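Asks: give me coordinates for this.
(one chain, ligands or ions: 1)
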Amino acid sequence: MPEISVKLGKRAYPVVIGSGMEHRLVPRIRKLIGRNRLFVIYDAQVYALYGQRLGKLLKQVARPVNLVIPAGEKSKTPAQLGRIYDFLLSEKITRSDLILACGGGVVSDLVGYAAATVLRGVPWAVISTTLLGMVDASIGGKTAINHARGKNLVGAFWQPRLVWCDTQYLATLPSRELIGGMGELLKYTGLIGQSVLTKLRAFIDGGDLLDMSRLQPLIVSSVRYKANLVAADETDHSRRRVLNLGHTFGHAIEVGAGYGRLLHGEALVAGLKAACHMSGTTLARKRALQPYCCLIESFMPLIPRPRIDLHRAFEALFVDKKRTGERPKFILLEKLGQPIIVTNVKTDEVRKSLMFALSDFELTGELND
Ligand code: GLY
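Replies: Model prediction:
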């Protein structure tokens, strides 16, 4: 049962990865709460599938108080946050208690932010139930809700005490969510390099996206990579930023499609295609990145093709940043496993890479300067 520490001194915490390890959860939670209380917040789908079983287990530790929130990105709102505050405060939570988030990235973002802010900060932990949550969202303490002006614009860094990744939950994950999680694995492949590329290729060629003997080592490599970056740059001022490989484009494509039409991880696959194209500025680089670009390409047929409003996508990419005097940052690859942060990219290069990634999407609107 691999256990990776996010080394943040006194706030260090373990990310535990394994399959069918629910029986080991009880002593972990007991250690975290002592004689205090446990507040469990579930995503509705996770509650329907696993709520009873988890509830029974957690009763061995404490008398858990539960709240269920609707599944999906639409829950990352002030209204849902308010519901969580109402629940926690009416149940008289204290700063010694523990909030346990059960679900994917939406739940860890939302519940983590509630934990960061209620009573000025209450300890929290995550049972991560999606691939995207396990390899990215639940690790590193980024918590947030969305705002009408964009995703994750209101949030805080608030590290959890434990991240629990039991891959048995992936068996019931809708296939779009699984593919979306693969988008993040593809990102780590570009960042880490050949060793992961070889493993990911073998995993995909194996034809079974739930083959845990192959998937689990990929999750472990990704978590280890992210844990090191978070330990080195907790608040995302320098090295941690490479985790945004493909995200500047991915976010723009998500906006261009209209929120909710593409999952974050799906848009990320197309975003990685654009980033890979933009990285290949010389023939040598293009050649070196070709196996990686091919791997990304092999995922493209698996993502939906909503109509993309180019104007909105480009605005998300450029115009908002220009308004704030900031140049958009792109994470590119010098070669596989060697990310670089670049700000001096020509607008035309950006346009070409975006168009390359969207070549078989139905497009509306214009790309202006
Ligand atoms: N998802 C990127 C980060 O945690 O920094």
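Asks: quick one: secondary structure of the closest residue to the ligand within the stretch 201-350 of the chain?
Replies: In the stretch 201-350 of the chain, the residue that lies nearest the ligand is Leu243 (3.9 Å; CB to the nearest ligand atom). Every C-beta, even on glycine, is put in place using the N, C-alpha and C of the backbone. Counting by DSSP: H, G, I helix; E, B strand; the rest coil, the backbone at Leu243 sits in helix.
Asks: low-confidence ranges in this protein?
Replies: 319-325, 367-369 (pLDDT under 70).
Asks: chain neighbours aside, what residue packs nearest to the residue nearest the centre of it?
Replies: For the chain, Ala137 is the residue whose C-alpha lies nearest the centre (CA atoms, centre = their mean; 3.4 Å). Excluding the flanking residues, the one nearest Ala137 by CB to CB, 6 or more residues apart in numbering is Gly105, at 3.2 Å.
Asks: in contact with the one you found, which residues?
Replies: Gly105 is in contact with 130, 132-133, 136-138, 264, counting by CB atoms under 8 Å, 6 or more residues apart in numbering.
Asks: which one among those residues gets closest to the ligand?
Replies: After measuring the contacts of Gly105 against the ligand - CB to the nearest ligand atom - the closest member comes out as Asp136, at 5.0 Å.
Asks: am I right that that closest one is in a helix?
Replies: Yes - assigned with three-state DSSP, Asp136 falls within a helix.
Asks: so how many other residues sit close to it?
Replies: Residues lying near Asp136 (other CB atoms under 10 Å) number 27.
Asks: ok, and the closest non-adjacent residue to it?
Replies: Glu184 (4.8 Å).
Asks: what residues does the stretch 151-300 of the chain put near the ligand?
Replies: By CB under 6 Å from any ligand atom, the residues of the stretch 151-300 of the chain that approach the ligand are 236, 240, 243.
Asks: burial measure for the second one, as a count.
Replies: For Arg240, the number of neighbouring residues by other CB under 10 Å comes to 19.
Asks: which non-adjacent residue is nearest it?
Replies: Asp233 (4.1 Å).
Asks: count of neighbours near that neighbour?
Replies: 16.
Asks: for it, give me its contacts.
Replies: Applying CB under 8 Å, 6+ apart, one finds that Asp233 lies in contact with 239-241.
Asks: what's in contact with the lengthiest helix in the chain?
Replies: In the chain, taking DSSP state H as the definition, the longest helix is helix 212-232. Helix 212-232 is contacted from outside by 2, 4-8, 15, 17-19, 131, 134-136, 139-141, 165, 167, 170, 184-185, 188, 191-192, 195-196, 199-200, 202-203, 206, 209, 238-240, 242-243, using CB under 8 Å, 6+ apart.
Asks: are any of the residues you listed buried, and which?
Replies: With neighbours counted by 16 or more other CB atoms under 10 Å, those contain buried members at 4, 6, 15, 17-19, 131, 134-136, 139-141, 165, 167, 170, 184-185, 188, 191-192, 196, 199-200, 203, 209, 240, 242-243.
Asks: tell me which element Pro339 falls in.
Replies: Element membership for Pro339, per DSSP states H and E: strand 338-342.
Asks: put the alpha carbons of the very next helix or strand once past that strand into PDB.
Replies: With elements assigned by DSSP H and E, the helix or strand that comes after strand 338-342 is helix 347-357. Provided in PDB are the C-alpha atoms of helix 347-357 (Å, rounded to 0.1, in the frame of the first residue of the first chain):
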ATOM      1  CA  THR A 347       0.000  35.800 -30.500                       C
ATOM      2  CA  ASP A 348       0.200  34.100 -33.800                       C
ATOM      3  CA  GLU A 349       1.900  31.000 -32.400                       C
ATOM      4  CA  VAL A 350      -0.900  30.800 -29.800                       C
ATOM      5  CA  ARG A 351      -3.500  31.100 -32.400                       C
ATOM      6  CA  LYS A 352      -2.000  28.400 -34.600                       C
ATOM      7  CA  SER A 353      -1.600  26.000 -31.700                       C
ATOM      8  CA  LEU A 354      -5.200  26.500 -30.600                       C
ATOM      9  CA  MET A 355      -6.500  26.000 -34.200                       C
ATOM     10  CA  PHE A 356      -4.300  22.800 -34.500                       C
ATOM     11  CA  ALA A 357      -5.900  21.300 -31.400                       C
END
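Asks: ok so, going back, my guess is the residue nearest to Asp136 contacts Ser138, does it?
Replies: No - the criterion here is CB atoms under 8 Å, and Glu184 misses it with Ser138 at 11.5 Å.
Asks: other residues contacting the lengthiest strand in the chain?
Replies: Ordering each strand of the chain by length in residues (DSSP state E) puts strand 150-157 first. Strand 150-157 is contacted by residues 76, 109, 113, 116-117, 141-147, 234-235, 251, 254-255, 259, 316, 320 when judged by CB under 8 Å, 6+ apart.
Asks: the buried ones among the contacts of helix 212-232 in helices, which ones?
Replies: Using DSSP H, these in helices are 131, 184-185, 188, 191-192, 196, 199-200, 203.
Asks: nearest to the ligand among the residues you listed?
Replies: Nearest to the ligand among these is Glu184, at 8.3 Å by CB to the nearest ligand atom.
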